[in-house]
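**Student:** sequence first, then the predicted structure, then my questions.
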Amino acid sequence: MQNRPQAMIIGTGAAVPEKTLTNRDFETMVDTSNEWIRARTGMEVRHVVGPDEQNSDLAAAAALKALESAGLTAVDVDLIIVATISGDSGFPSTACFVQKKIGAVNAAALDIGAACAGFIYGLDLADSYIALGKAKHVLVIGSEVLSRITDYSDRNTCVLFGDGAGAAVLAPSDGERGILGTFIKSDGRLSELLYIEGLGTKIPPSHQSVDERKHFIRMAGREVFKYAVKAMGDSAEEILMRTGLDNAAVDLLISHQANLRIIEATARRINLPAERVFINIEKYGNTSSASIPLALDEAVRSGRIQPGQLLVLVAFGAGFTWGSAAIRY
Ligand code: UT7
């Protein structure tokens, strides 16, 4: 438990591609309906990249906006952490491509593969680096191009995912505001409920692997749903317990946006009324590691988050990975 925050968010940014896919678009692609998607997920629109847009383009755009709002430039950054499961290429890290695109010549750069919980994992790492004095300005970015690893013939998954990026700049705390605590956890025994079997070195790309569509996301939705509801509720309770905060003090819950019903169940676990829960799933779908920083940036820029307010961030994703953070903004 931390009494005084060590690191604080001093700027946020976001970027999504222009092109969109609506629920109606999916009606022409697979056996689904606008009504089913809205009722079962809360989603309406997702953004998807065009042929010339890359993950690192979205990440760099979000990063530059975050730096601008922090009053910094790229040369001030010591560490770039990109949380992603849909990086530009096998290697090097997408963070290195972002470094090149924004000109962060003084930074070290690395990716985190913690799926939808990646931004929370990134915050946890950034907080630790700053607390130890090993970095002053850290860019934490969640960025995904899930449209390129989505099977648009599989109705169980294709309606769910969107592309986008969100970023936060972290710096040493002013002593009052900042990250009050973080919690991260994983359970690798459940990895095959949500994964891509191919794309790695276990099944190198081949005509056969492509024919068998092994390079696409597969998810046992109903199972994942059950674990997500439990782990996200547990994570929300855990972070309140670790920081000694009362749920009544929480001004805003910013949850990973995978399913409206999961977000509502998480809010119920810590007794938060609807007006203290941020929801933008209808505009972006599930953008994995980008969903929390996209929501955070929107809430900050719209004035929904005011300085000094208490935020609880909660996420759950493939791995399984999950976690939470409490932030005095
Ligand atoms: O982001 C990381 C973690 N991911 C999550 O947290 C996602 C967790 N899972 C979910 O959000 C939900 O399980 C889904 C939205 C994926 C599915 O909703 P569900 O209420 O759990 O539906 P289901 O999988 O139990 O399927 C119910 C029915 C099935 O038909 P039968 O077998 O009952 O005849 C599915 O085939 O709905 C069918 N179905 C669809 N129908 C129309 C599945 N996808 C669709 C679709 N349109 N797109």
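**Tutor:** In hand now; what should we look at?
**Student:** now for the closest residue to the ligand within the stretch 201-329 of the chain, how many residues are close by?
**Tutor:** Proximity of the stretch 201-329 of the chain to the ligand (C-beta to the nearest ligand atom) peaks at Gly221, 3.0 Å away. Every residue, glycine included, has its C-beta placed from N, CA and C. Residues near Gly221, counting by other C-beta atoms under 10 Å, number 16.
**Student:** helices of the stretch 51-200 of the chain, start to end?
**Tutor:** 55-70, 94-102, 118-131, 155-158 (DSSP state H, counting those that start in this stretch).
**Student:** mean neighbour count, distance to Arg40 and mean pLDDT added to these, as a markdown table?
**Tutor:** Formatted as a markdown table, the helices of the stretch 51-200 of the chain follow (neighbours: other C-beta atoms under 10 Å; distance: least, C-beta to C-beta, whole Å; pLDDT from 0 to 100):
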| stretch | mean neighbour count | distance to Arg40 | mean pLDDT |
| --- | --- | --- | --- |
| helix 55-70 | 25 | 27 | 98 |
| helix 94-102 | 24 | 31 | 98 |
| helix 118-131 | 26 | 25 | 98 |
| helix 155-158 | 18 | 11 | 98 |
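**Student:** got TSV for these, with distance to Leu79 too?
**Tutor:** Shown next, in TSV, are the helices of the stretch 51-200 of the chain (distance: least, C-beta to C-beta, whole Å):
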stretch	distance to Leu79
helix 55-70	12
helix 94-102	9
helix 118-131	6
helix 155-158	33
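**Student:** in a helix, Ser289, correct?
**Tutor:** Yes. Per DSSP: H, G, I helix; E, B strand; the rest coil, Ser289 lies within a helix segment.
**Student:** and it, how close does it get to Ile263?
**Tutor:** Using C-beta to C-beta, to the nearest Å, we find Ser289 at a distance of 17 Å from Ile263.
**Student:** neighbour count winner among these two?
**Tutor:** Ranked by neighbour count (other C-beta under 10 Å), Ser289 and Ile263 place Ser289 first, with 35 against 24.
**Student:** my guess is the more buried one meets Gly142, correct?
**Tutor:** Yes. Taking C-beta atoms under 8 Å as the definition, Ser289 is a contact partner of Gly142 at 3.5 Å.
**Student:** overlap in contacts of those two?
**Tutor:** Ala83, Thr84, Gly118, Phe119, Gly122 (C-beta atoms under 8 Å, 6 or more residues apart in numbering).
**Student:** residues contacting the last one?
**Tutor:** Gly122 makes contact with Ile81, Val82, Ala83, Ile112, Val140, Ile141, Gly142, Ser289 under the criterion C-beta under 8 Å, 6+ apart.
**Student:** any chance of JSON lines for those residues, columns distance to the ligand and pLDDT?
**Tutor:** Conversion of these to JSON lines gives the following (distance: C-beta to the nearest ligand atom, whole Å; pLDDT from 0 to 100):
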{"residue": "Ile81", "distance to the ligand": "20", "pLDDT": "99"}
{"residue": "Val82", "distance to the ligand": "18", "pLDDT": "99"}
{"residue": "Ala83", "distance to the ligand": "13", "pLDDT": "98"}
{"residue": "Ile112", "distance to the ligand": "15", "pLDDT": "98"}
{"residue": "Val140", "distance to the ligand": "19", "pLDDT": "99"}
{"residue": "Ile141", "distance to the ligand": "18", "pLDDT": "99"}
{"residue": "Gly142", "distance to the ligand": "12", "pLDDT": "99"}
{"residue": "Ser289", "distance to the ligand": "10", "pLDDT": "98"}
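**Student:** may I see the residues you listed arranged in CSV, with distance to Ala66 as well?
**Tutor:** As requested, those are exported to CSV (distance: C-beta to C-beta, whole Å):
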residue, distance to Ala66
Ile81, 12
Val82, 13
Ala83, 14
Ile112, 17
Val140, 9
Ile141, 8
Gly142, 11
Ser289, 15
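**Student:** let me know the closest of those to Leu160.
**Tutor:** Using C-beta to C-beta, Ser289 is the member of the contacts of Gly122 that lies nearest Leu160, at 14.7 Å.
**Student:** who's in contact with the closest one?
**Tutor:** If you count contacts by C-beta under 8 Å, 6+ apart, Ser289 has them with 83-85, 114-119, 122, 142-144, 317.
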